[in-house]
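Visitor: sequence? don't have it. structure:
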C-alpha cells in the first residue's frame, strides 16, 4: 500500500485500490452496478434470471 491508494470495503471484505488505477476501477464498478440494476429490473418485469443472463450473454461485445 502506498500514499494515495484507496481502501474500499463492504460486508464482503476490503480491497486496496492503487491510486493510479482508481479511476479505471471506479468506472468499471459503475458499469457493473448499472448492469445489475438492469438485471433486477428485467426480473421485476417477470423474466427469470436464466432468461436475463442469456440475453446478457448475447449482448456482450
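Guide: It's in. Predicted model only: the values in this text are computed from it and were never measured. Numbers count the residues shown, from 1 in each chain.
Visitor: so how far is residue 52 from residue 8?
Guide: Computed as CB to CB, to the nearest Å, the residue 8 to residue 52 distance reads 27 Å. Using the backbone N, CA and C atoms, a C-beta is placed for each residue, glycine as well.
Visitor: higher neighbour count, these two?
Guide: Legend: neighbour count by other CB atoms under 10 Å for residue 8 and residue 52, higher for residue 52 (17 against 13).
Visitor: that one contacts residue 42, doesn't it?
Guide: Yes. If you go by CB atoms under 8 Å, residue 52 and residue 42 touch, sitting 4.5 Å apart.
Visitor: and the pLDDT at residue 57?
Guide: What the model reports as pLDDT for residue 57 is 58.
Visitor: state the mean pLDDT of the strand or helix carrying residue 38.
Guide: Per DSSP states H and E, residue 38 falls inside helix 22-44. For helix 22-44, mean pLDDT is 92.
Visitor: and it, what does it pack against?
Guide: For helix 22-44, the contact count by 3 or more CB pairs under 8 Å, 6 or more residues apart in numbering; DSSP states H and E identifies helix 49-59 as packing neighbours.
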